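Asks: Quick one: sequence and predicted model below, then my questions.
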Amino acid sequence: MAKGYVIVRAEVTNPEKWAEYVAKSKIPLDMFGGKPIVRGGQAKIIEGDGLARNVVIEFESYDKALGYASSPEYAEARKLREGAGVLHMVVVEGV
């Protein structure tokens, strides 16, 4: 079975509020078995409209990744992020 991935590109404008979101999003992350394999760190935009903060979370399956992103627990965390930055998220199936 192919793994699932949540890929996020973000621009943080309020680090304190963002930290609250990150802490709360750990609950669904643990529930669905997500493993961050890229979280922030050094990045250089080579083409296009990239954002400075990039995150890749690996899940055992696409369904688990989708479950995380669409869970009520993640929705609660997402509310804490309002006004803290801009986030683009996609759930993809691995090869």
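Replies: Received the coordinates, thanks. All values reported here derive from a predicted model rather than from experimental measurement.

Asks: just so I have it, where are all the strands in the chain?
Replies: When assigned using DSSP state E, the strands of the chain occupy the ranges 4-12, 35-39, 53-59, 85-93.

Asks: Any chance of CSV for those strands, columns distance to Ala23 and mean pLDDT?
Replies: Any C-beta I mention is one placed from the backbone N, CA and C, and that applies to glycine too. Formatted as CSV, those follow (distance: least, Cβ to Cβ, whole Å; pLDDT from 0 to 100):
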stretch, distance to Ala23, mean pLDDT
strand 4-12, 14, 96
strand 35-39, 14, 96
strand 53-59, 15, 96
strand 85-93, 15, 96
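
Asks: Next, the contact list for Val92, please.
Replies: Neighbour list for Val92: 4-5, 7, 62, 65 [criterion: Cβ atoms under 8 Å, 6 or more residues apart in numbering].

Asks: if we go to 6 Å?
Replies: Tyr5 (Cβ atoms under 6 Å, 6 or more residues apart in numbering).

Asks: Tell me which of the strands of the chain lies nearest to Lys24.
Replies: Lys24 sits nearest to strand 85-93 of all these, at 13.9 Å, using Cβ to Cβ.

Asks: The closest one vs strand 53-59, what angle?
Replies: Counting by axes from the mean of the first three to the mean of the last three Cα atoms, to 10 degrees, strand 85-93 lies at 30 degrees to strand 53-59.

Asks: ok now strand 85-93, how far from the chain's centre?
Replies: From the chain centre to the centre of strand 85-93 is a distance of 6 Å (Cα atoms, centre = their mean, to the nearest Å).

Asks: Buried residues, it. List them.
Replies: 85, 87, 91 (16 or more other Cβ atoms under 10 Å).

Asks: my guess is the first one meets Val12, correct?
Replies: Yes. Shown here, Gly85 and Val12 form a contact pair, counting by Cβ atoms under 6 Å, at 4.2 Å.

Asks: Next, the contact list for the residue lying closest to Gly67 once chain neighbours are set aside, please.
Replies: The shortest distance from Gly67 to any non-neighbouring residue, by Cβ to Cβ, 6 or more residues apart in numbering, is to Phe32 (5.2 Å). Shown in contact with Phe32 (Cβ under 6 Å, 6+ apart): 64, 67-68.
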